[in-house]
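> Please find the sequence and the predicted model below.
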Amino acid sequence: MSAIVGRKKETEELMQIYRRKQAQLVAVYGRRRVGKTYLI
């Protein structure tokens, strides 16, 4: 995921959640057109 610039903290947090064995709910919110879908 090195193509995402300026979102290191968010990327690391999502990867930690992804690696967990149990199910997690993740809500990604923010202004429109800031890259939420691309981050996911």
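That came in fine, so what should we check first?
> Name the residues that touch the helix or strand bottoming out on mean pLDDT in the chain?
Every helix and strand of the chain was ranked by mean pLDDT, DSSP states H and E. The lowest is helix 36-39, at a mean of 89. Here helix 36-39 makes contact (CB atoms under 8 Å, 6 or more residues apart in numbering) with 4, 7, 10-11, 14, 28-30. The C-beta positions use only the backbone N, C-alpha and C, and glycine is treated the same way.
> Tell me which other helices or strands the longest helix along the chain touches.
Counting by DSSP state H, the longest helix found in the chain is helix 8-19. Contacts defined by 3 or more CB pairs under 8 Å, 6 or more residues apart in numbering; DSSP states H and E place helix 8-19 against helix 36-39.
> what stretches of this structure score poorly on pLDDT?
1-2 (pLDDT under 70).
> if you set the cut-off to 80 instead, what comes out?
Filtered on pLDDT under 80, the chain yields the residue ranges 1-4.
> count of neighbours near residue 11?
When neighbours are counted by other CB atoms under 10 Å, residue 11 registers 14.
> From what I see, it and residue 17 are in contact.
No: shown here, residue 11 and residue 17 do not form a contact pair, counting by CB atoms under 8 Å, at 11.0 Å.
> quick one on the thing from earlier: which members of the contacts of helix 36-39 are the farthest-apart pair?
Within the contacts of helix 36-39, 4 and 29 form the most distant pair, 17.3 Å apart (CB to CB).
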